[in-house]
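K.L.:
Quick one, what's the 3D model for this:
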Amino acid sequence: MPSPFTELSGPHHIAVVIPAWNAAATIGGALESVFAQTRPPREVIVVDDGSTDDTAAIAAAAGATVLRVANGGAAR
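P.N.:
Numbers count the residues shown, from 1 in each chain. Here you go, the predicted structure:
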């Protein structure tokens with residue numbers, strides 16, 4: 001039985017979601033690695049969890065879609 005998601009996304013629709021908080025020192029390298037994969041993603045989303053550094057700007061400049069949210073604190 002084929003996947004019900006094939007029609008919506010195609011067989012090779014790859015999306016990457018990266019959570020980040022004050023990750024300016026590492027987000028560029030992470031995104032470079034994602035975009036260099038054999039099958040590059042159709043979309044890359046960085047969820048910036050209230051960073052106070054340049055995480056969002058670096059991610060956007062690298063080509064990712066950035067969603068900024070208020071910092072939610074430690075996981076529960």
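K.L.:
start to end distance for stretch 58-71?
P.N.:
Using CA to CA, to the nearest Å, the end-to-end distance of stretch 58-71 comes out at 18 Å.
K.L.:
Mind listing what's buried along it?
P.N.:
By neighbour count on 16 or more other CB atoms under 10 Å, the buried set for stretch 58-71 is 58-59, 62, 64, 66. Placement of C-beta: from N, CA and C, glycine included.
K.L.:
now swap in stretch 47-58 and tell me
P.N.:
48-49, 51, 54-56, 58.
K.L.:
neighbouring contacts of that stretch?
P.N.:
Outside stretch 47-58, the residues that touch it by CB atoms under 8 Å, 6 or more residues apart in numbering are 17-24, 27-28, 46, 59, 66-72.
K.L.:
Name the surrounding residues that touch the helix ranked longest in the chain.
P.N.:
Determined from DSSP state H, the single longest helix within the chain is helix 27-35. For helix 27-35, the external contacting residues (CB under 8 Å, 6+ apart) are 16, 18, 20, 23, 40-41, 44, 46, 55, 58-59, 62-64.
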